[in-house]
Every structure is written in C-alpha cells, then in structure tokens.
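Student: Let's see this in three dimensions:
(2 chains)
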Amino acid sequence: MSGVLRVLEGHLVAYRRTWRGNVVTTFVNPVLFLSAMGLGLGSLVDRGDQLGSVSYLTFYASGLLAAQAMQTGVGDAAFPVMAGFKWTKSYHSALATPIAVRDLVLGQAAFILLRVALAAFAFALAAAAFGAFPLTAALAALPVALLCGLAYAMPVMAFTASRESETALISVFRFGLVPMFLLSGTFFPLDQLPTWLQAVARLVPLWHAIELVRAITLADVSAWPWGAHVAYLLLWLLVGAVLAPRFFRRRLVT
Amino acid sequence: MALTAGPVAARSGDAATDPPGSLIVARGLTKRFGDFTAVDSIDFDVCTGEVFGFLGPNGAGKTSTMRMIAAVSPLTEGTLEVFGRDPDADGAEIRARLGVVPQENNLDEELSVADNLYIYGRYFGMPRAQVRARIPELLEFAQLTERADDKVTVLSGGMKRRLVIARALINTPSMVLLDEPTTGLDPQARHLVWDRLHELTQQGVTLLLTTHYMDEAEQLCDRLVVMSDARIVAEGSPHELIASYAGREVVEVRFVPGGRDRALAALDGIGSRQEVLADRVILYGDDAEQLIAAVRRRDVQVASTLVRRASLEDVFLRLTGRGLIE
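Tutor: Numbers count the residues shown, from 1 in each chain, chains lettered A, B, ... in the order given. Got it, this is the predicted structure:
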C-alpha cells in the first residue's frame, strides 16, 4: 500500500508544475460548454418542447458530467502513461527502487481518480451555478463520475502499455472517444437514433454512466436497473485492472 | 563530508555492516532474450569494499548482467546472490540497499533537480524529513547546489550525469552499480565523476561498474572481468591483466598510405607478438628500445612510430581480436 501512496505522491509533486493552468481550464471548460451548448443551443431545443418538463440545459449537463469524467480518464491514461514508458522513463527509474510494478499501476490510477474527482467537482459547481440541477444532486452524482472515469482509465492504461507508438493513442481518441461521446446520449436521447445504433450505444460504458447520472439528477428511472449499469462499468474497470499490470510488467521487466 | 554517513535514524545500507567476503556471487549466470543469448553462463564474485569492473565493447552483455544484479531483470539460468539474497525472490529488499546509475539519464526533464531527488528518495520509503535533509548533501556532492530549482532539461550532459549519480546515493547504499558512468562526457566532466567515485570508495562503498573505456577501468577498478560476446574471457586486476596479456610497453608503427603490405613483410618477426590493425601494427615485447631499434634496422618506410605503455585495450585486442571501441 505504501508503495502506491509514494507513487501517487510522485505524481502530485510533478503536478505542482502544471496545476495552476490545469485548474483554470478545469473550472472554465464547464462554464464554456454549459453556456454555449446548455444555454445557447438549449434555448433553441427547448422551443421544440421534446424533452418533457426537462430543460435542455439540465438534460445536457447531466450527460456532460459523466462525459467529461470519461474524457479526463481517457486523456490521463493515454499520453501521460506513454510518457512514463517512452519520454520521461519515470516508470523505469522507479523500478530501480523498492517500488513494484503493481505500485506504479495503482499509483497512476489513484492520481487519475483524483483528477477525475476534481473535474467532476468543478463541473458540479458550474452546473449548479447555471441552475441545471441542485448542488446536492450534482454531488450525489460524483461517485458515478468517478466510476465512469476509472472504467475508462484502466483499460486505456492497459492499451497504452501494450503499444509502442503514440500514434495508436490518437486512434483511441479518434475511433474510440469521439464516437462514444456522440453515441452516449450526452447531446440527445438515444431513442432519436435508429434501432441498430441504439443497440451499439448500449455497449458504450459512458451511456451506462449517463443513465445513472440522469436517474440521480432528473429523479428519473434509468433504462436498466441501476445495479446492472454499475456492474457493466465495473466490468470494464476490472478488465483494465487485470490487464494493465500484466502489460506494464511485460514492458518494464525484461 | 561522508555521503554514506546519513542520519542515524534510518540507513538502508551501511558499508560498515556489510559482511566481509562476497556481496555478489554469480555462478553460471545466463540471460537470454528469445533466441539471443546476452549473458552466457558467467561466474564472478564481488567483494565488499572493492571497485569491480565489467570491461567490454557495446553488446558484450555488461548491461544485461548489471540489470540482473540490480534485480530489475529476471535470470534465465544459473544462480545469483546479491547481499546473500536471490534477486528473483527478494528483489525489493536488494533494490532498497543498492544505488543504481543506469546507462541513460532517466531523469524527469520537466521537473526540477530537487524534485527529481525528492520523488526518488520517497520511493525508498524514506521519511519526508529525511529525504529533504539528504537533498542538500547530494547537491553538494554533485556540485549542483545552485541548480536545485532548475528544470533538469536546462542542465548540461555532465551535470545531468552527476545528478543521476547523486540520485543513486539518496538511500545511502552500501553498493552502487554504474552502467557506463562517463560515456558521452567531455574529459573534464569525466574527471569530475571519477573524483566523486573515488570519494565514495574511500567511504567504503562497493562500486560495480561497466565501461568500454580502458582508462576508466584502469583508473578506478581494483579488479575487473573482460567480457566479450556474452562471456567472460579474463579476470584480474588491471595490472595483472596487462602484465599477463600485453607485457609492459608497446610500439605502434603507423603505415604510409598504401604501404601496409610492404611494411608488414619488412617488420615480420619483430617482437614476441604483433597485432595488425587497419592503419598500424602493434609490436609487443620486453623492451621498447629494442623494438624501435629493430624497426629502424629493417629500414622500412613508416609514417610514424609511437611508444606507449601496454593498456587494457591491448589485453582486449589479444583476447578477442577486436578493439574495445569499434
């Protein structure tokens, strides 16, 4: 355990270099998206009166809470992890000490979790400030954001460890992140899609997270029992958690 | 200032408490990567307090051997004991007592000098206060005190190397492994590093180093093994090896362009042994004066003659037919 905490501390010390700029964007981005899409686009969408009693701002903000957890989880597990292997070689230098491969993986995951939590908290504040939903609801949805972020981060960590070239990571963003973003119910209810696409969307972990968030913030019922959504997210998390140490070890202990 | 006499509270390695005798025992040590054998069944012992060297060209198997000793690379075959323990089973314990200077400067270039030291020290489980107390000592050792808050990326190559060496000492190890410690450094930087390593040996730290520089091996090592193509081809002190395999003085005769074959024919028979290289022939014998006299007597056209004392380069040439630096 102690090894994990020391690796986490290492990440936090390194974060001191960049945290100021980081924190600014973390708090500013939600404001930008919520005003542009939530209010700006929302004022058009609400005229169509298609979402029942729910404003587009509320609908959209609920989705975005989980979506940006996904984004943070994927982003932190891709290039920063590749950096540890290829550019800073921080993983290699750490392994010359009593630190174990397992500590590296869990310590990295713990740091990503903190970053997801910070982003989600910032978003919750902004969403509440815009009146999308009460702050209490937003905070109640935070655990879902954490689960969503990790459910994406662990598999992406495993994937990054298995790739030699960083161009593979660009594919993750282009063919993974963006389609999932669009096919998750963030921007519009899934039943607007053709049936076959809806089926595909059921596979997207983000959709499950959004269903859970909307159940909390809209006091609504999710498409599946909430336990099933959680289980699906946990499945992705565990697969990543099993594969990541394996791929890390294969790459670092030769 | 004794670098290894850190705060009494928690010292992970203490040169005074290492048992006399062998800190490292290797028998039949082998490392294979798929079909490729990097280390082929080597035997060696490293004694407490000595400076032990692995001398050989790039690709000889030195780094692979070091990585197994450092408990970061599993053995393929054979046995290896470091501090009396098995690296495959007790890796973390061994690493806790070692200092490692890898071949590449794997520093985090975006972080400051002090941050690099701090994070590394914490990985050893040292308390925060203890790590913070070590940092100024290490910076002074590396002569980087004014650079504590500079980003590593602005340092020169020599400074980065000194930082990596200082970093390796943060846990006050009783044994330090150095893989090619001065490769890529200018002569001044190299001598600075050698001075620092001398300081360490005087404090009783055991040093294990690999190098392909004969002057480094001769300057620093008490004993060394010569490695070539995954095998150990000779073992002994630099002095013993040179005396056994190369004699005392040598004469190098450089050919004029195009005059190689004529010169070789003319110089045939001079000295107890000859090594023929692309641009010169090296004559070995007991007396350099006699060798030179003999060369002059043959009245052959040569570009220059050079007398020098025999070196480990000559030893390596004799044992493997190749030079240390290709």
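Student: tell me what the strand or helix carrying A:F247 is packed against?
Tutor: Secondary structure assignment for A:F247, by DSSP states H and E: helix A:226-252. If you count contacts as 3 or more C-beta pairs under 8 Å, 6 or more residues apart in numbering or on different chains; DSSP states H and E, helix A:226-252 packs onto helix A:90-95, helix A:101-130, helix A:142-162, helix A:205-217. (Each C-beta comes from the backbone N, C-alpha and C, glycine too.)
Student: Return the residues of the stretch 151-254 of chain A in contact with chain B.
Tutor: For the stretch 151-254 of chain A, the residues in contact with chain B (C-beta under 8 Å from any C-beta of the partner chain) are A:V253, A:T254.
Student: State the mean pLDDT of stretch B:79-96.
Tutor: The predicted model assigns stretch B:79-96 a mean pLDDT of 96.
Student: Quick one: end-to-end length of it, please.
Tutor: Stretch B:79-96 stretches 20 Å from its first residue to its last (C-alpha to C-alpha, to the nearest Å).
Student: do stretch A:42-60 as well
Tutor: 8 Å.
Student: Which SSE is immediately downstream of the helix or strand that contains B:K160?
Tutor: Per DSSP H and E: B:K160 is located in helix B:157-167. Sequence order places strand B:175-179 as the next helix or strand after helix B:157-167, per DSSP H and E.
Student: Other residues contacting whatever helix or strand comes next after that next one?
Tutor: Toward the C-terminal end, the helix or strand that comes next after strand B:175-179 (DSSP H and E) is helix B:187-202. Residues outside helix B:187-202 that contact it (C-beta atoms under 8 Å, 6 or more residues apart in numbering or on different chains): B:3-4, B:49, B:51, B:141-143, B:157-158, B:161-162, B:165, B:169, B:176, B:178, B:181-182, B:185, B:207, B:209, B:216, B:219-220.
Student: which among those residues end up buried?
Tutor: Listed as buried from these are B:3-4, B:49, B:51, B:141-142, B:158, B:161-162, B:165, B:169, B:176, B:178, B:181-182, B:185, B:207, B:209, B:216, B:219-220; burial here means 16 or more other C-beta atoms under 10 Å in any protein chain shown.
Student: In the helix holding A:F247, which residues are buried?
Tutor: Under 16+ other C-beta under 10 Å, the buried positions of helix A:226-252 are A:229-230, A:232-233, A:236-237, A:240-241, A:243-245, A:247-249, A:251-252.
Student: that older thread, the inter-axis angle of the helix holding B:K160 versus strand B:175-179?
Tutor: 150 degrees (axes from the mean of the first three to the mean of the last three C-alpha atoms, to 10 degrees).
Student: and the gap between the residue nearest to B:R162 when sequence neighbours are not counted and B:I170?
Tutor: Excluding its sequence neighbours, the residue lying closest to B:R162 (C-beta to C-beta, 6 or more residues apart in numbering or on different chains) is B:A142, at 4.1 Å. Taking C-beta to C-beta, to the nearest Å as the measure, B:A142 and B:I170 are separated by 11 Å.
Student: And B:Y118, by the same measure?
Tutor: 9 Å.
Student: quick one, which of these two is more surrounded?
Tutor: B:I170 (25 against 22; other C-beta atoms under 10 Å in any protein chain shown).
Student: Which one of the helices and strands packed on helix A:226-252 lies nearest to A:A69?
Tutor: helix A:142-162 (3.9 Å; C-beta to C-beta).
Student: May I see the buried residues of the helix or strand that comes right after that closest one?
Tutor: For helix A:142-162, the following helix or strand on the C-terminal side (DSSP H and E) is helix A:167-171. Across helix A:167-171, burial judged by 16+ other C-beta under 10 Å covers A:L169.
Student: my guess is A:G107 meets A:L12, correct?
Tutor: No. Between A:G107 and A:L12 there is no contact under C-beta atoms under 8 Å: 10.1 Å.
Student: Settle it for me: which of these two has more neighbours?
Tutor: Legend: neighbour count by other C-beta under 10 Å for A:G107 and A:L12, higher for A:G107 (21 against 14).
Student: With adjacent residues omitted, what lies nearest to that one?
Tutor: Nearest to A:G107 is A:V7, by C-beta to C-beta, 6+ apart, at 2.6 Å.
Student: Look at the one you found and report its pLDDT.
Tutor: Value listed for A:V7 in the pLDDT field: 97.
Student: State the three-state secondary structure for the residue of the stretch 151-254 of chain A found nearest chain B.
Tutor: Relative to chain B, the nearest point of the stretch 151-254 of chain A is A:T254 (6.3 Å; C-beta to the nearest C-beta). What DSSP: H, G, I helix; E, B strand; the rest coil gives for A:T254 is coil.
Student: Determine the three-state secondary structure at the closest residue to it other than its chain neighbours.
Tutor: For A:T254, ignoring the flanking residues on the chain, the nearest one in space by C-beta to C-beta, 6+ apart is B:S73 at 6.3 Å. Following three-state DSSP, we place B:S73 in the coil state.
Student: hang on, the residue nearest to B:R162 packs against B:A166?
Tutor: Yes. Contact criterion C-beta under 8 Å: B:A142 and B:A166 qualify, at 3.8 Å.
Student: Chain B - how does it break down into domains?
Tutor: Following automatic domain parsing, one gets these domains for chain B: B:15-242, B:247-310.
Student: Can you give the distance of the last one from its chain's centre?
Tutor: Per C-alpha atoms, centre = their mean, to the nearest Å, the displacement of domain B:247-310 from the mean C-alpha position of its chain is 31 Å.
Student: again with the longest one
Tutor: Remark: domain B:15-242 is offset 9 Å from the chain centroid, using C-alpha atoms, centre = their mean.
Student: Please apply the same query to stretch B:234-251.
Tutor: 18 Å.
Student: how about it: buried residues?
Tutor: B:A234, B:G236, B:P238, B:L241, B:I242, B:Y245, B:A246, B:G247, B:E249, B:V250, B:V251.
Student: Need those in TSV (columns: secondary structure and distance to B:A263).
Tutor: Shown next, in TSV, are the buried residues of stretch B:234-251 (DSSP: H, G, I helix; E, B strand; the rest coil; distance: C-beta to C-beta, whole Å):
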residue	secondary structure	distance to B:A263
B:A234	strand	30
B:G236	strand	34
B:P238	helix	31
B:L241	helix	29
B:I242	helix	26
B:Y245	helix	25
B:A246	coil	22
B:G247	coil	21
B:E249	strand	20
B:V250	strand	16
B:V251	strand	13
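Student: And the furthest pair within those residues?
Tutor: Among the buried residues of stretch B:234-251, B:G236 and B:V251 lie farthest apart (C-beta to C-beta), at 24.3 Å.
Student: can you tell me which residues contact whichever residue of the stretch 101-250 of chain A sits closest to chain B?
Tutor: Going by C-beta to the nearest C-beta, chain B is nearest to A:D103 of the stretch 101-250 of chain A, at 8.7 Å. Going by C-beta under 8 Å, 6+ apart, A:D103 touches A:G3, A:V4, A:R6, A:V7, A:A94.
Student: Name the helix or strand for the second one, please.
Tutor: Looking back up the chat, that one is A:V4. helix A:2-15.
Student: Hmm, B:V46 is touching B:I24, no?
Tutor: Yes. The pair B:V46 / B:I24 is scored as a contact, 3.9 Å apart, by C-beta under 8 Å.
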